[in-house]
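[1] got a sequence here, can you model it:
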Amino acid sequence: MSLHKLIMSKFEKNMDEIFGIESPPEVPKESKTEIVQHKPSLPVNIEDDLTDDYQQSRENLQDIIDQGKEAMEDILRIARESEHPRAFEVYGTLLKNMVDANKELLSIQKQMRDMNGKKEVNNTNIDQAIFIGSTTELSKLLKDNNQKNIKDIN
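    As a prediction, this is how the structure comes out:
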């Protein structure tokens, strides 16, 4: 028997005598072996998981950003009132963390678009175009466009 158990058993015996109660008999500890059966996992819909994870990440980041805005206002007020350099340092650190959180929010949006195969809308360059109209109308259009470009340069 270990020293700890010996001391505890004497303590319990003394307490039993003081309060006039009988301690319950010790029950020998039996080692139990429990068999755990795992249920076969259901097929995982990766797209649903991706959407859920994105939504949760987005909500968490938005909460962090909202809380950060409130904290920034409070810290800036404290920094201005105390004029203590450490308070301004804390404000600067929080400001950097807020910028990072905003960047992370944009990053997960971009990652989500990339994973879904949706590309950003790009401006289209037209290499060849067909004008339907008379040569007079085309000349007038080109002249007007030329004059507009000249005005934009000046």
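[2] off-centre distance for stretch 80-98?
    From the chain centre to the centre of stretch 80-98 is a distance of 23 Å (Cα atoms, centre = their mean, to the nearest Å).
[3] do stretch 73-80 as well
    25 Å.
[4] name the residues that touch that stretch?
    Residues lying outside stretch 73-80 but in contact with it, judged by Cβ atoms under 8 Å, 6 or more residues apart in numbering, are A87, F88, V90, Y91, L94. The C-beta positions use only the backbone N, C-alpha and C, and glycine is treated the same way.
[5] again, 10 Å this time
    For stretch 73-80, contacts defined as Cβ atoms under 10 Å, 6 or more residues apart in numbering pick out 68, 84-95.
[6] could you dump those to TSV with pLDDT and neighbour count?
    Below are the contacts of stretch 73-80 laid out as TSV (pLDDT from 0 to 100; neighbours: other Cβ atoms under 10 Å):
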residue	pLDDT	neighbour count
G68	90	18
H84	91	11
P85	90	9
R86	92	9
A87	90	17
F88	90	16
E89	92	11
V90	91	17
Y91	91	19
G92	92	12
T93	92	11
L94	91	17
L95	91	14
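[7] between the residues you listed, which sits nearest Q147?
    L95 (48.3 Å; Cβ to Cβ).
[8] so where do the helices sit in the protein?
    3-19, 46-82, 85-116, 135-153 (DSSP state H).
[9] quick one, which of the ones you listed gets closest to N125.
    helix 135-153 (16.9 Å).
[10] sorry, back to before: reformat the helices of the chain as CSV; add distance to N125.
    Shown next, in CSV, are these (distance: least, Cβ to Cβ, whole Å):
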stretch, distance to N125
helix 3-19, 82
helix 46-82, 32
helix 85-116, 22
helix 135-153, 17
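[11] weakest of those helices by average pLDDT?
    Mean pLDDT per stretch puts helix 3-19 lowest among the helices of the chain, at a mean of 67.
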